[in-house]
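[1] Sharing a model that was predicted from the sequence below.
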Amino acid sequence: MAWEWVGPTSAATVGLGGIVFTWLSGAQGRVHAERVVRMNQDDQDQARILQEKRDAYVAALEYGELEAHRRRYEKKGRQDKLEKLEQTFPKGERVRMSIRARAGLEAFGSEKVRNLVESWREAGSAGHDDKLDQIYGELREQMRAELGRSGD
C-alpha cells in the first residue's frame, strides 16, 4: 500500500506537464501569428508608400513636361500650338497639377528628388534651357533608381 500514490501522482504530473506545454505552444503560436500579421502590414505599408511615391513622381514629370512644351512653343513662336495646349490645359488645371505635384513630392519624394525639382524650377525661371535638359535627365534617373527601375 505504500506505492498506491505513485500512479495517480505520475498521471497528475504528466497531465499538468501536458497542460503547461499546450499553453506554451498556443502562446508561441499567437506570437508567431502576430509577427506574421505585423510583417504583412509592413509589406502593405511599404507597397502603398511606393505607389504614392510613384504617383508623386509621375505628377511632377507630367507637370514638368507640360511646362517644357509651353516654353518650347513660346520660344519658337508657335502661337497655334500654345493656344491648343492652353485650351487643353487651362491655367486653373495647370495650377492644380503644380500643387498636386509639389504636395506629392513634399510628402513622398526623397530629398535628392526635391532638390533636383527645385533646381529644375530655378533653371526654368531663369530661362536656362540647356540646364533644364541636364537636370531633367538627372531627375528621371534618380526617380527610376528610387522606384527600382533601371534606365534604358
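    Structure received. Numbers count the residues shown, from 1 in each chain.

[2] show me the contacts for the most centrally placed residue in the chain.
    Centrality entry for the chain: nearest residue to the mean C-alpha point is residue 50, 2.3 Å, by CA atoms, centre = their mean. By CB atoms under 8 Å, 6 or more residues apart in numbering, residue 50 lies in contact with residue 147. For every residue, glycine as well, the C-beta is placed using N, CA and C.

[3] how does it look with 10 Å?
    108, 146, 147, 148 (CB atoms under 10 Å, 6 or more residues apart in numbering).

[4] swap in residue 61?
    By CB under 10 Å, 6+ apart, the contact set of residue 61 is 101, 117, 136, 139, 140, 143.

[5] nearest to residue 40, of the residues you listed?
    residue 143 (27.6 Å; CB to CB).

[6] Please report the number of neighbouring residues for the closest one.
    Other residues lying near residue 143 total 23 when counted by other CB atoms under 10 Å.

[7] One more: residue 42?
    Neighbours around residue 42, by other CB under 10 Å: 10.

[8] Checking it next. Helix, strand or coil?
    When classified by DSSP: H, G, I helix; E, B strand; the rest coil, residue 42 comes out as helix.

[9] what separates the host helix or strand of the residue nearest to the centre of the chain from the chain centre, distance-wise?
    For residue 50, the host element (DSSP states H and E) is helix 6-76. Centroid separation for helix 6-76 versus its chain: 14 Å, with CA atoms, centre = their mean, to the nearest Å.

[10] Now stretch 92-108: average pLDDT?
    Average pLDDT, stretch 92-108: 91.

[11] Just the CA trace of that stretch, in PDB.
    Presented in PDB, the C-alpha positions along stretch 92-108 are these (Å, rounded to 0.1, in the frame of the first residue of the first chain):
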ATOM      1  CA  GLY A  92      -6.500  76.500 -63.400                       C
ATOM      2  CA  GLU A  93      -5.700  73.000 -64.400                       C
ATOM      3  CA  ARG A  94      -2.000  73.800 -64.600                       C
ATOM      4  CA  VAL A  95      -2.100  75.300 -61.100                       C
ATOM      5  CA  ARG A  96      -3.900  72.200 -59.800                       C
ATOM      6  CA  MET A  97      -1.200  70.000 -61.400                       C
ATOM      7  CA  SER A  98       1.500  72.100 -59.900                       C
ATOM      8  CA  ILE A  99       0.000  71.900 -56.400                       C
ATOM      9  CA  ARG A 100      -0.600  68.200 -56.700                       C
ATOM     10  CA  ALA A 101       3.000  67.600 -57.900                       C
ATOM     11  CA  ARG A 102       4.500  69.700 -55.100                       C
ATOM     12  CA  ALA A 103       2.400  68.200 -52.400                       C
ATOM     13  CA  GLY A 104       3.200  64.700 -53.500                       C
ATOM     14  CA  LEU A 105       6.900  65.400 -53.600                       C
ATOM     15  CA  GLU A 106       6.800  67.000 -50.200                       C
ATOM     16  CA  ALA A 107       5.000  64.000 -48.700                       C
ATOM     17  CA  PHE A 108       6.700  61.200 -50.500                       C
END
